[in-house]
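Chemist: heads up, no residue letters with this:
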């Protein structure tokens, strides 16, 4: 889905004090869907090169409830910490839960995983593709922030390719390392072996 610039709205900028420091927060939305996204940034990023950027798809269970079934919450926290240490960077928080299938279906997928299916098979059993997420709106955030080039905080090669093509700016990568646990080791193995994540 492509988002036309004139149909993407940005809120005012506000301060967001966190345990990692004071960030700027902006919400954005497109007239083409009902999703409201967030930009959480630190520093003056205009015309800067190699700006640390995490494009993070919402994971309520991991980000808020500290689920051990995935590594999402840990990746988000690691990104905020890295940006805080550099005092420069941004997290783009996208409203596309469960690789785009939504919270309701994500919980249904969890139930299938409890029965032995892996994360990809569970999505397929529910009639969904492996990944329904889109990242086209990231190009509008790049324009809004005015960055010259970015360093993506990700292990996902598909995300790297998609964002690099859609934004048209130089994109380097800094992998995010997290410690596996007994609940997410199979999930991480699937991400590495079937989705080619750099784990």
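Modeler: In hand now; what should we look at? Keep in mind that this is a model prediction, so the values were computed, not measured.
Chemist: Which helix or strand contains residue 76?
Modeler: helix 72-86 (DSSP states H and E).
Chemist: just residue 161 next, same as before
Modeler: helix 157-167.
Chemist: so where's the protein shaky on pLDDT?
Modeler: Applying pLDDT under 70 to the chain flags the ranges 1-6, 191-199.
Chemist: What is the burial count for residue 50?
Modeler: Residues near residue 50, counting by other Cβ atoms under 10 Å, number 17. Yep, even glycine has a C-beta here, placed from its N, CA and C like the rest.
Chemist: What sits closest to it if chain neighbours are left out?
Modeler: Nearest non-adjacent residue to residue 50, counting by Cβ to Cβ, 6 or more residues apart in numbering: residue 151, 4.6 Å away.
Chemist: which residue sits farthest out from the middle of the chain?
Modeler: Centroid-distance maximum for the chain: residue 115 at 27.5 Å, with Cα atoms, centre = their mean.
Chemist: quick one: that one and residue 108, what's the gap?
Modeler: With distances taken as Cβ to Cβ, to the nearest Å, residue 115 is found 11 Å from residue 108.
Chemist: tell me how far the ends of stretch 86-100 are from each other?
Modeler: Using Cα to Cα, to the nearest Å, one end of stretch 86-100 lies 31 Å from the other.
Chemist: which parts of that stretch are buried?
Modeler: 88, 89, 90, 91, 92, 93, 94, 96, 97, 98, 99, 100 (16 or more other Cβ atoms under 10 Å).
Chemist: Please apply the same query to stretch 177-184.
Modeler: For stretch 177-184, burial by neighbour count (16+ other Cβ under 10 Å) applies to 178, 184.
Chemist: tell me how far it is from the chain's mean position?
Modeler: 18 Å (Cα atoms, centre = their mean, to the nearest Å).
Chemist: do stretch 65-77 as well
Modeler: That offset, for stretch 65-77, works out to 12 Å (Cα atoms, centre = their mean).
Chemist: hmm, who's touching that stretch?
Modeler: For stretch 65-77, contacts defined as Cβ atoms under 8 Å, 6 or more residues apart in numbering pick out 54, 56-57, 59, 61-64, 91, 110, 113, 153, 176, 178-181, 183-184, 187-188.
Chemist: Quickly find the element holding the residue most central in space within the chain.
Modeler: Nearest to the mean C-alpha position of the chain, by Cα atoms, centre = their mean, lies residue 56 at 1.3 Å. Assigned by DSSP H and E, residue 56 belongs to strand 51-57.
Chemist: In contact with residue 23, which residues?
Modeler: Counting by Cβ under 8 Å, 6+ apart, residue 23 touches 15, 16, 17, 40, 41, 42, 80, 83.
Chemist: can you tell me which of those lies nearest to residue 27?
Modeler: Nearest to residue 27 among the contacts of residue 23 is residue 40, at 10.2 Å by Cβ to Cβ.
Chemist: List the contacts of that closest one.
Modeler: 16, 23, 24, 25, 80, 90, 91, 93.
Chemist: Give me the buried positions along the helix or strand where it lies.
Modeler: Element membership of residue 40 [criterion: DSSP H and E] is strand 36-42. Using 16+ other Cβ under 10 Å as the test for burial, strand 36-42 gives 37, 38, 39, 40, 41, 42.
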